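> okay, sequence plus prediction incoming.
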Amino acid sequence: MACWNEAAALGLMDLADALRADERLPAEVREFVIMRTAFRCGASLPVAHHSAAARSLAVPEWLIEAAIGRAQLPLDDGFGDVAAVVDSLVADKQAEPEAFERLQARLGPALALDIVMLTGLYITVSLVMNACAITCEDKD
């Protein structure tokens, strides 16, 4: 299925590049958010792509596995709040309040907002992938 609007795609890429180029958000947090969002949205291509990217950035395998639902997160590693915020944004379109407050306290308001923006971006990317039936099998 042809499903392409070049101007919109370029706009999404510009936002993705801006969020990545800032580098305030640690790579392991950024990749966790992207993988978790895509996993929760059922988009296999971003999961596969960012799992590989995370490995190339030396993100621990346990964290990759937890992001994509294959392992549990340790209770006090800080990623539990990231996961709770991402999961609630995907499911309810709002951040779980207590987890978001803890995330702001841990990372600061600006980085917590970056996580919300990154989640929103990858919800959109996932929706496009799903609507166009693009899967990881289609990437070759």
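Sure, I can see it. Numbering: from 1, shown residues only.
> low pLDDT regions in this structure?
Within the chain, the stretches with pLDDT under 70 are 1-4, 22, 75-76, 137-140.
> spatially nearest residue to the residue nearest in space to the middle of the chain, not counting backbone neighbours?
Taking C-alpha atoms, centre = their mean, the centroid of the chain lies closest to residue 34, which sits 1.7 Å from it. Nearest in space to residue 34, with sequence neighbours left out and distances taken as C-beta to C-beta, 6 or more residues apart in numbering, is residue 50 at 4.6 Å. Using the backbone N, CA and C atoms, a C-beta is placed for each residue, glycine as well.
> for the host helix or strand of residue 129, packing partners?
Assigned by DSSP states H and E, residue 129 falls within helix 109-131. Applying 3 or more C-beta pairs under 8 Å, 6 or more residues apart in numbering; DSSP states H and E, one finds that helix 109-131 contacts helix 6-22, helix 27-41, helix 44-56, helix 79-92, helix 97-107.
> who's in contact with the residue nearest to the centre of the chain?
By C-beta atoms under 8 Å, 6 or more residues apart in numbering, the residues touching residue 34 are 46, 50, 118, 122.
> quick check: the second one touching residue 31?
It stands for residue 50. Yes: the criterion here is C-beta atoms under 8 Å, and residue 50 meets it with residue 31 at 5.5 Å.
> which one's more surrounded, these two?
Ranked by neighbour count (other C-beta atoms under 10 Å), residue 50 and residue 31 place residue 50 first, with 26 against 23.
> for that one, which residues are in contact?
Counting by C-beta under 8 Å, 6+ apart, residue 50 touches 31, 34-35, 38.
> quick check, nearest of those residues to residue 59?
residue 31 (5.5 Å; C-beta to C-beta).
> hang on, that closest one packs against residue 54?
Yes: using C-beta under 8 Å, residue 31 is in contact with residue 54, at 4.0 Å.
> what do those two both touch?
Counting by C-beta under 8 Å, 6+ apart, the common neighbours of residue 31 and residue 54 are 64, 67.
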